[in-house]
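[1] turn this into a model:
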Amino acid sequence: MDCQDGSTLNADVAWKQLVAYLSPPNVITPEIKSRCKELIEVLENFGYPVRRCLGSWFRVKFKHYFKSDILPEVMTVLDVYADYEAFEKITVLLGKGILKFLLSFYLVEETDSTFQKKDVYMDFTTILMEIEEVKKLFSMCCINFYKRGFDCYDNLAQDLDCLPTEHSEELKNFDVINRYLCCLYLFEEVVYDAVLHVLNSQIRLFITDNFSGCSHDSSIIGPVMSWLNSSVITFIQFITQHQLVPPNMDIWKKRLKFFCYKTIATVRINDLFEIMVDYPESHAAVLDIKKCIGHVQCSTYLVRTVQDMFKERLLHPGANTEDIITQYSSAIKVLRFLDPSGAILEKVCSPLRSYLKNREDTIRCILNSLMSEEENELTRELSTTTGTLFNSNEDSDLENDDWEKWKPQSKDMPTDLKSKASKSADIISTLCSIYGSASVFVKEYRSLIAEKLLTTSNYDVSLEMRSMELLKVGFGEDMSQCQIMLQDVVDSKRTHTNIINKVKQECPFEISTLIISHVFWPNLRKEDVNIYKPLQDYLSGEYQTAYSELKRSRTLEWKLNLGFVELDLEFEGRTLSFTVSPVQATIILCFEKSEKCHADTISNTIGLSLSQTRKKLAFWVTNGVLKETSKDMYELEKEVKETQQVVVEEMDSAMVKIEQVREEELEGFTNFVMGLINQSGQITVERVHKLLSLLLSDSPAGQLTPEEVKTFLDKKVKQKLLSFTGGVYKKPK
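    Reported below is the predicted structural model:
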């Protein structure tokens, strides 16, 4: 093409020359770029609006060139190569095939203010991604490409102080492909999601591999954030250094830190059961979770995960009640620390509370811990209790002493909990609130302390006094009956001493008696039995007479089946020690004069049935003291195995069974029920239950249930006192 001076060019020639310079695949040089500027000036002088339309013309031209020249080469690469190799070759092809036009892009961008080179890149990116094979290739290979790049970079970054690319040929090759992706604006449009996916995956992998199931006595947030800054953030800076517009690193850091906190929270929450077991030694791990909750919304995940853990490991018949209570106590401390409002605790432990409430021995286990001589979590809590353990009128948030520190609840907390958050409470009050009322605890405490007092021989109730004084703070006046029970023991010591000093005949044994005010004690089991005759005669004779003289107008009603006897049995120079019930002691003493004795003789002596006597004799047979030589004939063993410790019999409870108490109560209302039927002709279970529930509201057997009423009425049907037809009970015809 002949170059002519601008003054001699006409508009048509100037335009043709400009088109020839800028039309792909022609590539301009700096000299040609200057010439193009002169041609544009000529066209502007002729009145042609080149500065407003050159960009649109160039985009159309370049799009046509891309489809006709570059795209076919891309398709050829797809046919020849596969997967990762095809991805690299296509990226290099695009880079070399398009970036050579940079001077043309700059010229048009300087000439036409409406044109941006980014628009050209967007055009060919759109065309590329419309091809399904290319789209799938980039989606799949970008993740693999940046994963390889990060692994290589991270391995070198941990060992080297200088830039990793200076020491790795593999990383240099990675940088070449990455530079093309950045310069072609493919990073933001195609690659960004893949990079974010890779980095999130690497963060999750790093945290789970290094800290999942690790020791809970130190924080993991510090090490994770240190690795994030030294490896992940520097990797982002490395791969984005070729972008024409520098990335906003603050946004990257916030996003990745958010994912770090989310992953740390997941790892720690997955270990929360063990963390609760180890608390407070695991306080650092709990603090990690609390910090994470401040950055990410993970309360719902925490609630669901811990509930599943409890269900799998605690809420089944194989779990020991004491272990469940211990874990619940730890959960209270940990969850109160994580969420002082109590909302998480309420939701997490709701199934646990319901399960404990339905276990028969829950109250007994709680009270045993409170009454334990050894220090434990509950005894430490009890010693610091200053207020009632039951408070039905919870203070509002505004009445809280710490109202200035009040914070709104987390947005991801289930809505059904937002109105249930309560003030912080200690462990004992939370455990007691399972039942909602102090009465069930007081009743069980009376039974427990009664059994304990009935087995004491030295009248020492100092520990029980201390426990009761502490419990009185929580239960208030409901403990008055228990106080009378303890006072009975103290009074018994004084009374017993006075009686022993008063009687003329000395007791053949060293004894101690417990004289109780039966009105204030639970119903004690009574059996009409006889015990060792010399002892029984002494108790009902000299001892009782002395008591009547000491306490005028009062008498003693002996429960000879209760209490215990400490025996030393001598066999050919060997002595065996036993702690047994009075009945068992009487059984073995039947062999005092004769080495053989028949079960019938023992049964008549004690006053038990033959079957009951056989069961009692089995204890001595099991412990090698007796042997059954023939049917119901028992004989002392001649060679008794030596034992190094006292054998203690597992005695039956001194309390009357709840079922027996309930049965006796309902039997007392037989005439009442029969009178109701005589008046109305018929009656339903619901009607009887409603009436008897009012009459038995203070029953020691607890709340009356419809099932118990139905069992009672069905028993009357079997006795032919009632008939049952059509769901109602009537008098039999």
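[2] endpoints of stretch 366-380, how far apart?
    Across its full length, stretch 366-380 reaches 13 Å between end residues, using CA to CA, to the nearest Å.
[3] start the count at 756 instead of 1 going forward.
    All right, first residue 756 from here; so that's stretch 1121-1135.
[4] list the buried residues for it?
    Going by neighbour count (16 or more other CB atoms under 10 Å), the buried part of stretch 1121-1135 is 1121-1126, 1132-1134. Heads up, the C-betas are built off the backbone N, CA and C, glycines and all.
[5] ok, the residues you listed vs Ser1385, which is closest?
    Comparing the buried residues of stretch 1121-1135 against Ser1385 with CB to CB places Asn1123 closest, at 44.3 Å.
[6] tell me which element that closest one is part of?
    In this assignment (DSSP states H and E), Asn1123 forms part of helix 1117-1125.
[7] who does that helix touch, helix- and strand-wise?
    helix 1076-1093, helix 1132-1138, helix 1182-1187, helix 1193-1209, helix 1217-1230 (3 or more CB pairs under 8 Å, 6 or more residues apart in numbering; DSSP states H and E).
[8] show residues contacting the second one.
    Counting by CB atoms under 8 Å, 6 or more residues apart in numbering, helix 1132-1138 makes contact with 1081, 1084, 1121, 1124-1125, 1127, 1181-1183, 1186, 1222, 1225-1226, all of which sit outside it.
[9] change it to 7 Å
    1084, 1124-1125, 1127, 1181-1183, 1225 (CB atoms under 7 Å, 6 or more residues apart in numbering).
[10] what of the longest one?
    Where contact means CB under 7 Å, 6+ apart, the residues beyond helix 1076-1093 that reach it are 1030-1032, 1034, 1041, 1044-1045, 1048, 1069, 1097, 1099-1100, 1103-1104, 1107, 1111, 1114, 1116-1117, 1120-1121, 1132, 1179, 1182, 1185-1186.
[11] off-centre distance for that helix?
    8 Å (CA atoms, centre = their mean, to the nearest Å).
[12] can you list the buried residues in that helix?
    1076, 1079-1093.
[13] average pLDDT for it?
    Mean pLDDT, helix 1076-1093: 87.
[14] just the CA atoms of that helix, as CSV, please.
    The C-alpha trace of helix 1076-1093 is given here as CSV (Å, rounded to 0.1, in the frame of the first residue of the first chain):
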residue,chain,number,x,y,z
THR,A,1076,-28.1,-43.2,84.1
GLU,A,1077,-25.2,-41.8,86.1
ASP,A,1078,-23.2,-41.4,82.9
ILE,A,1079,-26.1,-39.7,81.2
ILE,A,1080,-26.4,-37.2,84.1
THR,A,1081,-22.7,-36.6,84.1
GLN,A,1082,-22.7,-35.9,80.4
TYR,A,1083,-25.8,-33.7,80.8
SER,A,1084,-24.0,-31.7,83.6
SER,A,1085,-21.0,-31.2,81.2
ALA,A,1086,-23.4,-30.2,78.4
ILE,A,1087,-25.0,-27.6,80.7
LYS,A,1088,-21.7,-25.9,81.5
VAL,A,1089,-20.4,-26.0,77.9
LEU,A,1090,-23.6,-24.8,76.2
ARG,A,1091,-24.2,-22.1,78.8
PHE,A,1092,-20.7,-20.8,78.0
LEU,A,1093,-21.4,-20.9,74.2
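[15] ok, then the element right after the helix or strand containing Glu865?
    Assigning secondary structure by DSSP H and E places Glu865 in helix 857-866. Counting by DSSP H and E, the element after helix 857-866 in chain order, helix or strand, is helix 872-884.
[16] distance to Lys1008 added to the helices and strands packed on helix 1117-1125, as TSV?
    Shown next, in TSV, are those (distance: least, CB to CB, whole Å):
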stretch	distance to Lys1008
helix 1076-1093	26
helix 1132-1138	42
helix 1182-1187	41
helix 1193-1209	54
helix 1217-1230	51
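[17] least reliable of those helices going by mean pLDDT?
    Among the helices and strands packed on helix 1117-1125, helix 1132-1138 scores lowest, at a mean of 71.
[18] quick revisit: contacts for the helix holding Asn1123 next, please.
    1076-1077, 1080, 1111, 1131, 1133-1134, 1137, 1186, 1195-1196, 1199-1200, 1203, 1222, 1226.
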